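Trainee: quick one, what's the 3D model for this:
(3 chains)
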Amino acid sequence: MRHSTAWLPRLQESMPHTEMSPPSDLVSRVFRDPATIRKFSLGDWDRLVRQARHAGLLARMHDLFAAQGISSVIPNVARWHFEAAATLAEKQKIAVRWEVGQIRAALAGLELPLIVLKGAAYVMAELPAASGRLFSDIDILVPREALSEVESALMLAGWHTVGLSDYDQRYYRRWMHEIPPMQHVRRATVIDVHHAILPDTARYHPDSAELRRRAVGVPDFPGLAVLSPEDRILHSATHLFHDGELPHGLRDLSDLDLLLREEAKAPDFWSRLASRTEELQLERSLFYALRYVRHFFATPIPEHMDSALASSAPGRSQLAFMDAIFRRVLAPAHRSCEDRFTSAARMAAYVRAHWLRMPPRLLLPHLFHKAFISLYQREPNPA
Amino acid sequence: MDRFQIKPFGAEAVVYDGASGDTHYLKPLTFAVFKAFRETPARERHLVIESLGQRLGMPAGSTYTTLAEEALLSLQRIGLLDTQ
Amino acid sequence: MKLLQLPQGDLRERLAGEGIWLRTGPFSIRVTSNLETVAEGLSELYGQFEVRNSREAFADFHVAVNPPSLLRSWFRPQVNFSFDGVEPFKPLPLSQAYPMLEWGLNWCVSVHARQYLIIHAAVVEKNGLAAILPAPPGSGKSTLTAGLVLSGWRLLSDELTLIDRKTGLIHALPRPVSLKNESIPIIRAFSDEAFINRASHDTAKGTVAHMRPPKSSVQRQHEATRPGWVIFPKWTSGAATKLAPRSKAQTFMFLAQNAFNYSHLGADGFRVGITLIEQVDCYDFTYSRLDDAVATFDRLAAAPARVNAPH
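Mentor: Reported below is the predicted structural model:
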């Protein structure tokens, strides 16, 4: 949705890039300025490890220190936490590659373009954003027409939709952009099959065929593609600002930071990104994405990009409201990063995301159901 | 680096598959079949099994051949031997 | 300073306030709890462990054992284990608060400590070599472990065998030994020196209590040890004591399948497991009388040259 008033762009331009005070969490501080760890007390390290663990960024931080040559600065008592996280991330990369190979084999007979999304894409394309990444599932994108064939082929190869109530199954099939997650009967790995990156019922609707057209093959892996650089950045941006639960908000934002820094090496990247954003009508999402990635990670973003997005920016008071929500929701989900407004902010983000994904008449019954019926599903007893 | 790491313990062996992360146990016959095929990869399958049987002192036409064929199938399924 | 040097009132107050900082084996813990039974359990079972004051800035694991803040807790009193704000388990009845701390601490280590290959097994040491005792529930592993450590063997752990990936040595985590059901009276009868705390009933494992680790085991908790044996105990009523050699390859497979984190370590899990198996003798062990079992183990530990298990 575009603002039609002509004076608005000038107002937006007059606003400083960030009106927010710098983030107070230690995790993003370390990413913005790794050398700062030289000044850390043992208490800082304690908080850093805990915040990074909650943010899902311990392993990536390990890689960051190694790349900067400052691993020796980590106090001995804290070192194993980083290394242990990196051990799992390394193992998961191998597991993801194998699993993607299994998926490709399972779908080989269908001869359709197989596109892998998000973290799995970063691993397969060997991008910097694969660093220290942990996975709970693999996301793939297939043509909508092929959805039931794909589900059948995967079931034949051992994946099954599991563990969802009838209500949740219906939610997935009718309102979301995926069939329910499928788990492998032997390996317990999970696939999320998408036909679009936003649900049918969402207000904004980028064309999936468009995304597939621009997809890029993975060298050494015939039959597999990933989204083009601009599209994977836009997917990351939309995912962040359309998904309400954000269990790994800062990690996803960090992915975006790494994707942007890598692509920005190409001189024409930002203009390619600007035009692609306009084609897919995702300006609002990208506006927020760039605003918050800069806030937390100080990602270098050229002025002309801000100008290009200025006319899609929200009004001043809405922006202030979104800042209040997202600077809390994107911070590490650790109590040391919370204030008395944090739980209200999470609730607001959740409601907003669902508002964007579902028409209002469906939203209220769904939220009611999710909150009060799906709440008590937890892990089995320890003993 | 090789995909498989094989560690013998006497007549048995354990195997690590670096591609899948799987770990396998090879019982004595399976390990023997594996070694026989690795030593003479170009030979006809039934000849390899037969000659192994002779070396192991198995009477001809016994259930040995069936078991050896099963062992070969499982080695192929794991990926240790190519399907021929 | 040792925990037993803290005045009782101090312990409770700190536990309910900024928490108690403890060192257990390679790990430091900061634990908080409002519950009397947790304070009592720590006081009775952790006396020999090092504590530091609340200004201690770094702890590996920040844990809390407290009633959940849900409405239903007045109706059916419950307790929750929290790891730095994350609750990995469903709440349990309040009477199980102390065992929940122990189970929670085991969870913290087994889920996070990938610097070790962690095998689900007890491990004890004598004469510089460790005996690893993997066993499914009901095999009498805990009874045997308790019997051994009451008879001069050093306790390294009753649940978590920590194999250092870099050195192959086994690190000690000599926390209280968990005993179930009949084990409790058996061990009480076995030795006057056994201190076993108040039991919790109706847990998922039945009746559960914990035995204080021997003082010398705690004092030596920073001594790592070479592995000597992997022995699968099985208590069978009326059975004669018998030690039978066991396939190394099959033992390796069992350990890989029963380790907490083998599959998280990639190829390194395989390497560490193989190195371990190459160094040890593997046995199946059947017994019915605890004193005979201890005698068999003592003979193993005394043997000048270890007999290699035939393959």
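Trainee: which bits of chain B sit near chain A?
Mentor: Counting by CB under 8 Å from any CB of the partner chain, chain B comes close to chain A at B:18-21. For every residue, glycine as well, the C-beta is placed using N, CA and C.
Trainee: keep those residues, but drop any that are not near chain C.
Mentor: Under the cut-off given by CB under 8 Å from any CB, chain C has B:18, B:21 from those close to it.
Trainee: of the residues of chain B next to chain A - the most surrounded one?
Mentor: Ranked by the number of neighbours (other CB atoms under 10 Å in any protein chain shown), the residues of chain B next to chain A place B:Gly21 first, at 21 neighbours.
Trainee: now it, what are its backbone angles?
Mentor: Dihedral angles of B:Gly21 (phi, psi; degrees, to the nearest 10) stand at phi 80, psi 10.
Trainee: go ahead and confirm it touches A:Val96.
Mentor: No - the pair B:Gly21 and A:Val96 does not pass the contact test of CB atoms under 8 Å, sitting 10.7 Å apart.
Trainee: okay, the residues of chain B next to chain A in TSV with secondary structure and pLDDT next?
Mentor: Formatted as TSV, the residues of chain B next to chain A follow (DSSP: H, G, I helix; E, B strand; the rest coil; pLDDT from 0 to 100):
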residue	secondary structure	pLDDT
B:Gly18	coil	95
B:Ala19	coil	94
B:Ser20	coil	93
B:Gly21	coil	93
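Trainee: next, see if the longest helix along chain C gets close to chain A.
Mentor: In terms of residue count, the longest helix belonging to chain C (DSSP state H) is helix C:97-112. Yes - counting by CB under 8 Å from any CB, chain A is contacted by helix C:97-112 at C:99-100, C:103-104, C:106-107, C:112.
Trainee: going by distance to chain A, which of those wins?
Mentor: For these, the closest approach to chain A (CB to the nearest CB) belongs to C:Trp103, at 4.2 Å.
Trainee: quick check: pLDDT value at that closest one.
Mentor: With respect to pLDDT, C:Trp103 scores 96.
Trainee: distance of it from C:Arg175?
Mentor: 11 Å (CB to CB, to the nearest Å).
Trainee: please say which of these two ends up with more neighbours.
Mentor: C:Arg175 (28 against 24).
Trainee: please name the bridge partners of the closest residue in space to the more buried one that isn't next to it in sequence.
Mentor: Nearest non-adjacent residue to C:Arg175, counting by CB to CB, 6 or more residues apart in numbering or on different chains: C:Thr24, 5.6 Å away. With DSSP bridges as the criterion, C:Thr24 is bridged to C:Phe27.
Trainee: for A:Ala274, give me its contacts.
Mentor: A:304-305, A:308-309 (CB atoms under 8 Å, 6 or more residues apart in numbering or on different chains).
Trainee: give me the buried entries from the residues you listed.
Mentor: A:305, A:308-309 (16 or more other CB atoms under 10 Å in any protein chain shown).
Trainee: nearest to chain C among these?
Mentor: For the buried ones among the contacts of A:Ala274, the nearest to chain C is A:Leu309 (36.1 Å; CB to the nearest CB).
Trainee: wait, that closest one sits on A:Tyr288?
Mentor: No - contact criterion CB under 8 Å: A:Leu309 and A:Tyr288 do not qualify, at 9.6 Å.
Trainee: for chain C, what's its nearest residue on chain B.
Mentor: When scored by CB to the nearest CB, chain B has B:Gly10 as its residue closest to chain C, at 2.6 Å.
Trainee: what count of nearby residues applies to that residue?
Mentor: 13.
Trainee: per-residue confidence at it?
Mentor: At B:Gly10, pLDDT is 95.
Trainee: for A:His369, same thing?
Mentor: For A:His369, the predicted pLDDT is 51.
Trainee: kindly report the same for B:Thr30.
Mentor: Per-residue pLDDT puts B:Thr30 at 96.
Trainee: give me the contacts around the helix or strand hosting it.
Mentor: According to DSSP states H and E, B:Thr30 maps onto helix B:28-39. With contact meaning CB under 8 Å, 6+ apart, helix B:28-39 is reached by B:8, B:11-13, B:26, B:48-49, B:51-52, B:56, B:67-68, B:71-72, B:74-75, B:80-81.
Trainee: tell me what the following helix or strand past that helix is packed against?
Mentor: Next helix or strand after helix B:28-39 toward the C-terminus (DSSP H and E): helix B:45-56. In terms of contacts (3 or more CB pairs under 8 Å, 6 or more residues apart in numbering or on different chains; DSSP states H and E), helix B:45-56 is packed against helix B:28-39, helix B:64-78.
Trainee: what's the neighbour count on C:Phe260?
Mentor: Neighbour number of C:Phe260 under other CB under 10 Å is 21.
Trainee: how close does it sit to chain B?
Mentor: 15 Å (CB to the nearest CB, to the nearest Å).
Trainee: residues contacting the nearest residue to that residue once chain neighbours are set aside?
Mentor: Counting by CB to CB, 6+ apart, C:Phe260 lies nearest to C:Ser110, which is 4.0 Å off, once chain neighbours are set aside. Applying CB under 8 Å, 6+ apart to C:Ser110 gives the contacts C:118, C:160, C:260-261.
Trainee: no further queries at this time; thank you.
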